[in-house]
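Chemist: Sequence below, structure please.
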Amino acid sequence: IFKFLGAISVDLGKDRIGPYLPTILTPLYRELNSNYAEQDPTLKNLSQEIIELLKKLVGLEAFSLAFSSVQKQASQKRAMRKKQRALQAVANPDIAARKKLKRHKNKAETRKRKIEFLRPAYKAKRPRSHALKDLAMVE
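Modeler: Numbers count the residues shown, from 1 in each chain. Next comes the predicted model:
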């Protein structure tokens, strides 16, 4: 997809790419600012190369305006999601409690897994069965 975006931007040229610049920059920005654990470094390098190509193609001023608008839009979305989560915790306390229980259960499982990895002789206590009732959030 990133190669396609780069090819399209070169094909459109400096004059016709202006309206499409924020649309092209959005996935590139998302890839540059992502902090996944299993992130592919080749994608990050490719997005950086395409951004450099766009800078040269469009010019620094137009690129900066488009990039700052993409950054602003992403930060607004993040803030909106954070606000929605906070509001949901207040509006629906039962759903928030279930999510919290699930998060604590996952945290305990992760801790057990880490302990077993660091000390193979130690076996953490695990639930006896993985029945359907264990998959439910709240029993």
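Chemist: Could you list the low-pLDDT ranges of the protein?
Modeler: Applying pLDDT under 70 to the chain flags the ranges 37, 124-139.
Chemist: Relative to its centre, which residue of it is most distant?
Modeler: Among residues of the chain, the one most distant from the C-alpha centroid is Ala121; the distance is 36.3 Å, by CA atoms, centre = their mean.
Chemist: so is it in a helix, a strand, or just coil?
Modeler: Following DSSP: H, G, I helix; E, B strand; the rest coil, Ala121 is assigned to coil.
Chemist: how about the strands in the chain?
Modeler: Counting by DSSP state E, no segments of the chain form strands.
Chemist: Would you mind giving the domain segments of it?
Modeler: Split into domains by the TED database, the chain comes to 1-84, 92-123.
Chemist: Ramachandran coordinates for the residue farthest from the centre of the chain?
Modeler: Ala121 adopts backbone torsions of phi -70, psi -30, taken as degrees, to the nearest 10.
Chemist: what's the spacing between it and Lys114?
Modeler: Per CB to CB, to the nearest Å, Ala121 is found 15 Å from Lys114. Backbone N, C-alpha and C define where each C-beta goes, glycine included.
Chemist: what's the distance between the residue most central in space within the chain and Pro120?
Modeler: Residue closest to the mean C-alpha point of the chain, counted by CA atoms, centre = their mean, is Ser34 at 5.4 Å. Counting by CB to CB, the gap from Ser34 to Pro120 is 33 Å.
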